[in-house]
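> Sequence first, then the predicted structure, then my questions.
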Amino acid sequence: MLELRDVQVAFDGFRALDGVNLTVPEGELRFLIGPNGAGKTTLIDVVTGLTRPAAGSVRFAGQDLVGRKEHQIVRLGVGRTFQTSVVFEELTVVENLDLAASFREPLWALTRRRKGVSEAVAESLARTGLEALAERPAGVLSHGQRQWLEIGMLLAQRPRLLLLDEPVAGMSKDERERTGELLTAIAADHTVVVVEHDMDFLRRHASTVTVLHEGRVLVEGSVDEVSVDPRVQEVYLGRRADDTVGERS
Ligand SMILES: Nc1ncnc2c1ncn2[C@@H]1O[C@H](COP(=O)(O)OP(=O)(O)OP(=O)(O)O)[C@@H](O)[C@H]1O
């Protein structure tokens, strides 16, 4: 379980997070939305140790995360994707997965590794549906396949909590659908937090949505509850929430 209490982050006096309270129970697929600058990426940065909050607590699976280094938080089972790609184009799909998986292994395990793919890598390939592309260089993947590879690279690290920043941005309709199914499948045995703006996507795949605005949690509820909430509509410039939310990125 992930729990943020009264988390505050300030950049030169500007309050990017202004007292965020958020609880994500184990095994939930939680969507995080909010206008540009609402603090969504900052929230992920705080959980993953990239940004240290000025105040508040961040707990995951009984551990306090504040003050820990990024790699320590990864080892506690928290993984994230970035808005920018971390894939090595010259390496094959399986090599990228292998490299990601090795991040959590001690050095002796790397030197003693047998030939062939590890269980974690094989599982990631199967889950993301990339088996047929395993030996292709990552550079030849389509945009959608590349995003799945990044999710696979996270899975290969065997996290318990995954934080995904706009995983369907730039994807085709079919790719979005497959990603929604993938996220739902992953949430069967992980806790997943997804930053996403696309309202159609949320309607199809989200159960609970948290709306951030100006560094605070504005509303939390089902997609239907959230999209008709007057506070959410007002935040999205008084237009129909589903129009505006869909446009922003
Ligand atoms: N390192 C930083 N230094 C200064 N200001 C920052 C920094 N990181 C974020 N901010 C500011 O904090 C606010 C929240 O940013 P954040 O990226 O978390 O928003 P967001 O909700 O993810 O927005 P977007 O949808 O545009 O990605 C923004 O006003 C941003 O300009």
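Perfect, thanks for sending it.
> What is the least confident helix or strand in this protein?
helix 241-247 (a mean of 49; mean pLDDT, DSSP states H and E).
> Return the backbone torsion pair for the most centrally placed residue in the chain.
Of all residues in the chain, the one closest to the mean position by CA atoms, centre = their mean is Leu164, 1.4 Å from it. Leu164 adopts backbone torsions of phi -120, psi 130, taken as degrees, to the nearest 10.
> Pretty sure it sits against Ile151.
Yes - using CB atoms under 8 Å, Leu164 is in contact with Ile151, at 7.0 Å. C-betas here are computed from N, CA, C, even on glycine.
> Apart from its neighbours in sequence, what residue is nearest Thr179?
Spatial nearest neighbour of Thr179, chain neighbours left out: Val168 (5.1 Å); criterion: CB to CB, 6 or more residues apart in numbering.
> from what I can see that neighbour touches His197, true?
No - checked against CB under 8 Å, the pair Val168 and His197 is beyond contact range at 9.4 Å.
> how distant is the helix or strand containing Leu163 from the center of its chain?
Assigning secondary structure by DSSP states H and E places Leu163 in strand 161-165. Relative to its chain's centre, strand 161-165 lies at 2 Å (CA atoms, centre = their mean, to the nearest Å).
> and it, C-alpha only, in CSV?
Output of strand 161-165 as CSV, limited to C-alpha atoms (Å, rounded to 0.1, in the frame of the first residue of the first chain):
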residue,chain,number,x,y,z
LEU,A,161,4.3,-0.8,-7.1
LEU,A,162,4.5,0.7,-10.7
LEU,A,163,4.2,4.4,-11.4
LEU,A,164,3.5,5.1,-15.1
ASP,A,165,3.6,8.6,-16.6
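> and the next element down the chain from it?
With DSSP H and E, the next secondary element past strand 161-165 is helix 173-186.
> which residues in this structure form helices?
40-47, 70-75, 93-102, 107-111, 119-128, 143-156, 173-186, 199-205, 223-228, 230-235, 241-247 (DSSP state H).
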